[in-house]
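Q: this one's sequence-less:
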């Protein structure tokens with residue numbers, strides 16, 4: 001009986017430990033729900049004051065930088081108008097490590113009032129190996145904006 005109880009307790013401790021590890025990993029990176037919520041917040045900021053919003057997105061201010069989540073936008077000319085490092089460079093011509101034209105796809109699916117998804121392979125900020133990333137994409141005025149999360 002004690003042996004059985006020991007196995008049950010050991011199993012319960014293992015499950016609890018694994019749940020803790022999963023929670024710690026999840027807390028390290030943004031989730032799909034958090035990415036979508038940030039995009040919705042970004043759209044509201046753009047509608048209130050476009051210039052200020054684009055500046056906040058680029059600088060990661062006002063709650064627009066959370067772990068690996070941040071909004072980025074491109075203007076009508078296809079160039080980034082907000083991004084931590086790529087402002088002025090082409091979003092529309094951006095390709096992933098597998099040569100997928102993700103920027104062109106973002107411009108293609110972006111619609112005012114609708115959030116679409118674009119999947120692609122991209123390295124994490126601190127890495128070099130591409131992993132699956134999904135960006136929620138929408139259009140706000142003349143801006144194509146997105147927030148991506150890693151799967």
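A: Thanks, I have it. Because the structure is a prediction, the values reported are computed rather than measured. Numbering: from 1, shown residues only.
Q: residues near residue 28, how many?
A: Residue 28 is flanked by 9 other residues according to other C-beta atoms under 10 Å. Where C-beta positions appear, they are placed from N, C-alpha and C, glycine not excepted.
Q: ignoring the adjacent residues along the chain, who's closest to it?
A: residue 67 (6.7 Å; C-beta to C-beta, 6 or more residues apart in numbering).
Q: tally up the residues packed near that neighbour, please.
A: By other C-beta under 10 Å, neighbour count at residue 67 equals 13.
Q: check residue 64 too.
A: Residue 64 has 22 neighbouring residues, counting by other C-beta under 10 Å.
Q: do the same with residue 76
A: Residues lying near residue 76 (other C-beta under 10 Å) number 12.
Q: is it true that it touches residue 142?
A: Yes. Assessed by C-beta atoms under 8 Å, residue 76 is found in contact with residue 142 at 4.9 Å.
Q: related to what we said a few turns ago, which residues touch the residue nearest to residue 28?
A: Contacts here follow C-beta atoms under 8 Å, 6 or more residues apart in numbering; on that basis residue 67 touches 28, 29, 30.
Q: no further questions, thank you.
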